[in-house]
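Asker: whatever this is, show me its structure:
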Amino acid sequence: MAALTASQAPGVIPARASVPAPGQAPAEHGPSVSGDTPYRTELPPLRTGQHAGGGAAAVEVGGALPVSVFAAYRRAEDRLAREAPGCRLRWQLLAAIGQVESGQARGGRVTSDGTTVAPILGPRLDGVAFALIRDTDGGVHDGDTAYDRAVGPMQFIPSTWARWGADGNGDGRTDPNNAFDAALAAGRYLCAGGRDLSVPAQLDRAILGYNHSAAYLRTVRAWYAYFLEGHRVVPDGSAGSFSAGSSSARPEPSRPAATPKPSRTPSARPSAPPSRTPSTPASSPAPAGTGPATEPEKPDEPQLPAPDPDIELPGENLLPSGAPLTSNSADSMTVSPSTTADTGR
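Answerer: Numbering: from 1, shown residues only. Model prediction:
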């Protein structure tokens, strides 16, 4: 997404309804918080179980929480515990939405007060690829005076921010580009209408208020379950918090040297004459030695790595029932891979 200049200019409009009135709830059929703009579809990384030595250690890639963004989620949880104790909002839900909406403010690229270094903007809501929402803020938040765009770590559209915006860091301003302000506003939106987020149906309704998509709901629920199992805090700006890592980046335990195969009987392979000199240079230098010259053995064929027996798959009931989870890739495997090398014979 394109990013405009940093959002530190004065003139941020105040929220008209920072604290929801009792019974107030978001409109059921109005625009969503984000205007149903694109979101990050990566699913949480798998966690490893206990190591062979018995020590529990979850080795993971991606899904880390930048320290400032993590602090914003925790502060919002504390505020909502006082303002709406019956909501039972947990910071892990805010972390799940923040992961899906902006990759935790693009890996915690924020200033010391929690404001993003550069605005995080969604596409123009011009009715071409997404909803049609004409400008409602004069471009104050999104820099666009023709159409609205979702803004900030939690991707509020300006019209929704005007109603739910909050001051989460006590600086007297309500800025959707600030992680503390955005997290508190998101928490208030999720808790509106007297919701109890410990009730699965009410939790789902709250998440769908962010984006009217069943796939979005499943993705957020997957990250919510992931953060409920544990979390990892990293410094702001760490790459590991910006995206769910690929399996190739996962730390691998040291593999023991492969057991050498039994050598063939010397008499079964003719030896090269001692005086014969190879016509082509060897592919790799031979180790120094004083023994008799012998023909180099063919290198062992590479062995396929054995599956890690400690991988734990998510248990049942972590995600809502219904359609299956979407893949992290547009491609899908239609045939089972072969475990034997293709020799061409």
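Asker: just for the chain, where's the confidence low?
Answerer: Scanning the chain for pLDDT under 70 picks out 1-39, 47-62, 239-345.
Asker: now the helices for it?
Answerer: Along the chain, counting by DSSP state H, helices occupy 67-83, 91-108, 158-164, 179-191, 200-208, 214-229.
Asker: in CSV: these, plus mean neighbour count.
Answerer: Quick note: C-beta positions are derived from backbone N, CA and C, even for glycine. Shown next, in CSV, are the helices of the chain (neighbours: other CB atoms under 10 Å):
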stretch, mean neighbour count
helix 67-83, 20
helix 91-108, 26
helix 158-164, 23
helix 179-191, 30
helix 200-208, 18
helix 214-229, 20
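Asker: pretty sure Y224 is touching A96, no?
Answerer: Yes - with contact defined as CB atoms under 8 Å, Y224 and A96 form a contacting pair (4.0 Å).
Asker: R205 and S159, how far apart?
Answerer: Separation of R205 from S159 (CB to CB, to the nearest Å): 20 Å.
Asker: nope, Q99 is what I was after
Answerer: 24 Å.
Asker: what do you get for N178?
Answerer: According to CB to CB, N178 stands 18 Å off from S159.
Asker: using CSV, list the CA coordinates for stretch 107-116.
Answerer: Taking Å, rounded to 0.1, in the frame of the first residue of the first chain, the C-alpha atoms of stretch 107-116 are listed here in CSV:
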residue,chain,number,x,y,z
GLY,A,107,6.6,-4.9,12.9
GLY,A,108,6.4,-2.1,15.4
ARG,A,109,7.6,0.7,13.2
VAL,A,110,6.4,3.4,15.6
THR,A,111,7.8,6.4,17.4
SER,A,112,8.4,6.6,21.1
ASP,A,113,4.7,7.6,21.8
GLY,A,114,3.4,4.7,19.7
THR,A,115,2.6,6.6,16.5
THR,A,116,3.5,4.9,13.2
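Asker: buried sites along that stretch?
Answerer: Buried residues in stretch 107-116, counted by 16 or more other CB atoms under 10 Å: G107, G108, R109, V110, D113, G114, T115, T116.
Asker: among those residues, which two are most distant?
Answerer: Across these, the longest distance by CB to CB is 17.4 Å; it joins G107 and D113.
Asker: what's the closest non-adjacent residue to R195?
Answerer: Q202 (4.7 Å; CB to CB, 6 or more residues apart in numbering).
Asker: ok, T115 next?
Answerer: Nearest one to T115, counting by CB to CB, 6+ apart, is N178 at 4.6 Å.
Asker: what's the neighbour count on the one you found?
Answerer: 29 (other CB atoms under 10 Å).
Asker: please look at it and G172 and confirm they touch.
Answerer: No - in this structure N178 lies outside contact range of G172 using CB under 8 Å: 11.8 Å.
Asker: quick one, strands of the stretch 1-150 of the chain?
Answerer: Assigned by DSSP state E, counting those that start in this stretch, the stretch 1-150 of the chain shows strands spanning 47-48, 65-66.
Asker: now for the last one, which elements pack on it?
Answerer: Think strand 65-66. The helices and strands touching strand 65-66, judged by 3 or more CB pairs under 8 Å, 6 or more residues apart in numbering; DSSP states H and E, are helix 91-108, strand 233-234.
Asker: so who does the nearest residue to G108 once chain neighbours are set aside touch?
Answerer: Nearest non-adjacent residue to G108, counting by CB to CB, 6+ apart: P66, 2.3 Å away. By CB atoms under 8 Å, 6 or more residues apart in numbering, the residues touching P66 are Q104, A105, G107, G108, V110, V233, V234, P235, D236, G237, S238, S241.
Asker: and for A95?
Answerer: Residues in contact with A95 (CB under 8 Å, 6+ apart) are L65, V69, F70, Y73, Q104, W223, Y224, F227, H231.
Asker: ok, 6 Å please
Answerer: Contacts here follow CB atoms under 6 Å, 6 or more residues apart in numbering; on that basis A95 touches Y73, F227.
Asker: roughly how far does it sit from L197?
Answerer: A95 is 14 Å from L197, by CB to CB.
Asker: just H231 next, same as before
Answerer: H231 sits at a distance of 18 Å from L197 (criterion: CB to CB).
Asker: and D196, how many neighbours?
Answerer: Neighbours of D196 under the rule other CB under 10 Å: 15.
Asker: how close does it get to V110?
Answerer: Noted for D196: a distance of 31 Å to V110, by CB to CB.
Asker: coming back round to it: relative to T145, how far out is the residue nearest to R195?
Answerer: 38 Å.
Asker: repeat for R82
Answerer: Distance, R82 to T145, by CB to CB: 38 Å.
Asker: can you list the buried residues in stretch 132-148?
Answerer: For stretch 132-148, by 16+ other CB under 10 Å, it's I133, D135, T136, D137, G139, V140, H141, D142, G143, D144, Y147, D148.
Asker: can I get that stretch in CSV, CA atoms only?
Answerer: The C-alpha atoms that make up stretch 132-148 are tabulated as CSV, following Å, rounded to 0.1, in the frame of the first residue of the first chain:
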residue,chain,number,x,y,z
LEU,A,132,-17.7,3.2,-2.2
ILE,A,133,-17.1,5.5,0.7
ARG,A,134,-16.6,9.2,-0.3
ASP,A,135,-14.4,11.4,1.8
THR,A,136,-15.7,12.2,5.3
ASP,A,137,-12.8,13.8,7.0
GLY,A,138,-11.4,16.3,4.5
GLY,A,139,-8.3,14.1,4.2
VAL,A,140,-7.2,14.8,7.7
HIS,A,141,-6.5,11.2,8.6
ASP,A,142,-6.0,9.6,5.2
GLY,A,143,-4.7,12.4,3.1
ASP,A,144,-7.4,11.8,0.5
THR,A,145,-10.1,14.5,-0.1
ALA,A,146,-12.1,12.4,-2.6
TYR,A,147,-12.5,9.0,-1.0
ASP,A,148,-11.9,7.5,2.4
